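> need coordinates for the below:
(chains A, B, C and D)
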Protein chains: 2
Amino acid sequence: MNTGKEVTIYDIARLLNLSSATVSRGLKNHPSISQKTKDRIKEMAESLGYRSNTFASSLRLQKTNTIGVIIPRFNSSFMSDVIAGMEKVANNCGYNLIISQSLESEKKEIVNAATMFQSRVDGLMVSLAYNSENISHFEPFMKKNIPVIFFDRVFSHEKCSAVIIDNFRAGYDMTSHLISQGSKNIFHITGNLNRNVYKERFEGYKQALADNKILFNPMNIIINNLNMEDGIEAAQKILQLLKKPDGIFVTNDFCAASCMLELKKNGVKIPQEILIGGFNNDPISALVEPNLTTIDYKGFEMGEMTAQTLINHLTNTQNLSLTQTIVMRHELIIRQSSIKQ
Amino acid sequence: MNTGKEVTIYDIARLLNLSSATVSRGLKNHPSISQKTKDRIKEMAESLGYRSNTFASSLRLQKTNTIGVIIPRFNSSFMSDVIAGMEKVANNCGYNLIISQSLESEKKEIVNAATMFQSRVDGLMVSLAYNSENISHFEPFMKKNIPVIFFDRVFSHEKCSAVIIDNFRAGYDMTSHLISQGSKNIFHITGNLNRNVYKERFEGYKQALADNKILFNPMNIIINNLNMEDGIEAAQKILQLLKKPDGIFVTNDFCAASCMLELKKNGVKIPQEILIGGFNNDPISALVEPNLTTIDYKGFEMGEMTAQTLINHLTNTQNLSLTQTIVMRHELIIRQSSIKQ
DNA sequence: GTGAAAGCGCTAACAT
DNA sequence: ATGTTAGCGCTTTCAC
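I've put the predicted structure just below:
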């Protein structure tokens, strides 16, 4: 291997007195090439440090073997797991991933989508930004029949599959649990209700209240961005109330943790006075005190499932089933923050 | 825009009675094309839903405008920031990023590097996996004069630039701080000493001890993977000691937090009995109790700096300066975990 | 079992 | 200011 020009199949062909066609076939294990020739070709390729030119190949084949991924942020162990699961499946199937983060901004998401489109990905996997109002930026893909699949933060669309958990059920589970531990006046701190995940957890929350004959109080809902600062702010709001809640269901562990901490700082005893539940089973939930009750779901498996579904769609041309919703399991993890003393 | 064939510059050329060359130039704002023609070309391109074929372009130009990034994991806010900084600079300069995570495994890092090489990235930015023993997997890049730049977890190499913080100084700062607060018997929990970051922080720790006439005790060093479980394990080790430390410097906030929690669970008062310092200023450091003293450094800026340095190298052909080490600022953030009561 | 040749879409050197 | 043309490296149809 030297610093100079790239080695091409022509170089290999010339050195072996073969045609480029034969070399191309040989490298791809084409059945009509004799084993002996294949061996010679591969050996020569190896010794010259040949690497296939994917651009030429993509150009020729009109196919990139690349899948795009757009996620809100690279900053949670959940997302790290999701991506790891996707990478595993993609690599097994001969696909590469192009990953970008929207930083929770619809504007950036639109730019990212355009870049992916421009990069001619064969398919796209998306978890939506916090404030994305619609998904018209994915229309170009759909128009060209480039499959788009959503996961976790999804958007219902007739042409898109989705991989999710049962957020309604998860919200219901958490709320029921808090009620079972004695909470009667439960606050719900959550995100933009346009996002399926928050909307459905909210519905689950309401249903659990109803099923336990607790009147839903709209004043008990706090909508914010679920950041750490938002948790602190929410706590301050709660501290100023005459009638404080006896339970809080926050749809994000980080926000739950910061909220809990701020309440504690101001003398509120957790869980004696207020029970708290979070969401996501982020490592932080096991590090704050008291340990945070939360909802766990498996990022790695969600990533695998999403990638596998997309790739199946890509390879099975017959499979034209447009919409398909896959629901993965979640689990309520009960820790000290929600156990009535 | 329709579902059918892709629009090419030939389509545009035909419809406008121009040559493909003119269209190509027009789309690239070549100076020798009249403004009027450019406008017509761009308008037509727009209305046809034209998208440039990057493969054809890369094939022709022998340049991909793509930069590879290999990081240990996508799971910290630090890494999320680093990538965001890189993306910002890269996009401004017309480059795309291909990002992959080694999951802290040298084996996966080697595979990732091979994929990047195969993808013909124009350059590579790397933060090494926990256990990477050498960097021979990046040799192919260097042989082809594809610049490789390391950041944070770096490897000294004559042909590679690096963007880091002064880890020696940071380790020194933290240790001195603990000493200034009264610690005399300080444990150091850290990672693989082959990694520059851990090695140098360790050296800084030792130097601070020396400067304060404290004898270095090799028994005070615990080497592990700096995971949450490792923090717990380290705490258990410490709990069994007859002579417990009065200070602990952990080179990772997560590990520090879990270690602290485990100590507290077993009745150790923090910071009254043991002072603790972490590293990275992860959000968790502000959520655990007591809040964790730590070292802050700016991921976003490190990402910007790394990308900018690489791109400068890529564009300024004259700039052959091979090795260049850029040191970014860090800051000691003092919180309750290390303040003597 | 192997080869010849065309073409994927773009760019740039060289014309005009 | 615009056009002609060759070629980047690969794949595949058609021929032998």
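> ok, how many other residues are close to residue A:12?
25 (other C-beta atoms under 10 Å in any protein chain shown). Just so you know, the C-beta spots here come from the backbone N, C-alpha and C atoms, and that holds for glycine as well.
> that one against residue A:40, yeah?
No: the criterion here is C-beta atoms under 8 Å, and residue A:12 misses it with residue A:40 at 9.2 Å.
> which residues are common contacts for those two?
With contacts defined as C-beta atoms under 8 Å, 6 or more residues apart in numbering or on different chains, no residue is shared by residue A:12 and residue A:40.
> can you list the domain ranges for chain A.
By the assignment in automatic domain parsing, chain A contains the domains A:9-52, A:64-166+A:299-330, A:167-296+A:332-338.
> just the endpoints, please. Distance across the longest one?
From the first residue to the last, domain A:167-296+A:332-338 extends over 20 Å; the measure is C-alpha to C-alpha, to the nearest Å.
> pLDDT averaged over that domain - what is it?
Regarding domain A:167-296+A:332-338, the rounded mean pLDDT is 97.
> can that domain be found next to chain B?
Yes: using C-beta under 8 Å from any C-beta of the partner chain, we find that domain A:167-296+A:332-338 touches chain B at A:228, A:254, A:257, A:258, A:261, A:264, A:283, A:284, A:286, A:287, A:288, A:289.
> from the chain's centre, how far out does that domain sit?
22 Å (C-alpha atoms, centre = their mean, to the nearest Å).
> next SSE downstream of the helix or strand containing residue A:209?
Using DSSP states H and E, residue A:209 sits within helix A:196-211. Counting by DSSP H and E, the next helix or strand C-terminal to helix A:196-211 is strand A:221-223.
> each with direction, which strands does that following strand pair with?
strand A:186-190 (parallel) (DSSP bridges).
> what does the partner strand contact?
By C-beta under 8 Å, 6+ apart, the list of residues contacting strand A:186-190 reads A:175, A:178-179, A:198, A:201-202, A:205, A:209, A:214, A:220-224, A:226, A:230-231, A:234, A:238, A:245-251, A:255-256, A:259.
> so which bits of that strand are buried?
Buried residues in strand A:186-190, counted by 16 or more other C-beta atoms under 10 Å in any protein chain shown: A:186, A:187, A:188, A:189, A:190.
> in the sheet, who's paired with the second one?
Same thing as residue A:187. Assigned bridge partners for residue A:187, using DSSP bridges, are residue A:248.
> any idea how far it lies from residue A:281?
Residue A:187 is 21 Å from residue A:281, where distance means C-beta to C-beta, to the nearest Å.
> give me the contact list for the helix holding residue A:209.
A:152-156, A:164, A:166-176, A:179, A:186, A:188, A:190-193, A:215-216, A:221, A:249, A:251, A:279.
> quick one: which of those sit in helices?
A:167, A:168, A:169, A:170, A:171, A:172, A:173, A:174, A:175, A:176, A:179 (DSSP state H).
> out of these, which is nearest to DNA strand D?
residue A:167 (42.9 Å; C-beta to the nearest atom of the strand).
> buried subset of the contacts of strand A:186-190 as a PyMOL selection?
Applying 16+ other C-beta under 10 Å to the contacts of strand A:186-190, the buried members can be selected in PyMOL as follows:
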select buried, chain A and resi 175+178+179+198+201+202+205+209+214+220+222+224+226+230+231+234+238+245+246+247+248+249+250+251+255+256+259
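> please name the bridge partners of residue A:330.
Where residue A:330 sits in a bridge, its partners, by DSSP bridges, are residue A:297.
> burial check on it, number of neighbours?
With other C-beta under 10 Å as criterion, residue A:330 counts 21.
> so how far is DNA strand C from residue A:269?
According to C-beta to the nearest atom of the strand, to the nearest Å, residue A:269 and DNA strand C sit 66 Å apart.
> please disregard the earlier target; I meant residue A:219.
For residue A:219, the distance to DNA strand C - C-beta to the nearest atom of the strand - is 57 Å.
> how far away is that residue from DNA strand D?
63 Å.
> repeat for residue A:229
Applying C-beta to the nearest atom of the strand to residue A:229 and DNA strand D gives a distance of 52 Å.
> apart from its chain neighbours, what residue comes closest to that residue?
residue A:258 (7.5 Å; C-beta to C-beta, 6 or more residues apart in numbering or on different chains).
> next, count neighbours for the one you found.
Residue A:258, neighbours per other C-beta under 10 Å, totals 27.
> equivalent analysis for the one 5 residues further on, please.
Taking other C-beta under 10 Å as the neighbour definition, residue A:263 ends up with a count of 24.
> close enough to count as contact, it and residue A:274?
Yes: here residue A:263 reaches residue A:274: they are 6.6 Å apart, a contact under C-beta under 8 Å.
> what residues are shared contacts of the two?
In contact with both residue A:263 and residue A:274: no residue, using C-beta under 8 Å, 6+ apart.
> tell me the SS of residue A:276?
strand (DSSP: H, G, I helix; E, B strand; the rest coil).
> that one: what's it in contact with?
Contacts of residue A:276 by C-beta under 8 Å, 6+ apart are A:247, A:248, A:249, A:250, A:256, A:259, A:260, A:270, A:292, A:293, A:337, A:338.
> relative to residue A:246, how far out is it?
Distance from residue A:276 to residue A:246, by C-beta to C-beta: 11 Å.
> try residue A:315
53 Å.
> show me where chain A has helices.
A:9-16, A:20-27, A:35-48, A:54-61, A:77-92, A:106-118, A:139-143, A:167-180, A:196-211, A:228-239, A:253-265, A:299-315.
> how far does the first one sit from its chain's centre?
Taking C-alpha atoms, centre = their mean, one finds helix A:9-16 lying 45 Å from the centre of the chain it belongs to.
> what mean pLDDT does it get?
94.
> in it, what's buried?
A:9, A:11, A:12, A:13, A:16.
> my read: residue A:99 touches residue B:87, true?
No: using C-beta under 8 Å as the test, residue A:99 is too far from residue B:87 to be in contact (10.5 Å).
> what's near enough to touch residue A:243?
Residue A:243 touches residue A:185, counting by C-beta under 8 Å, 6+ apart.
> understood, closing this out.
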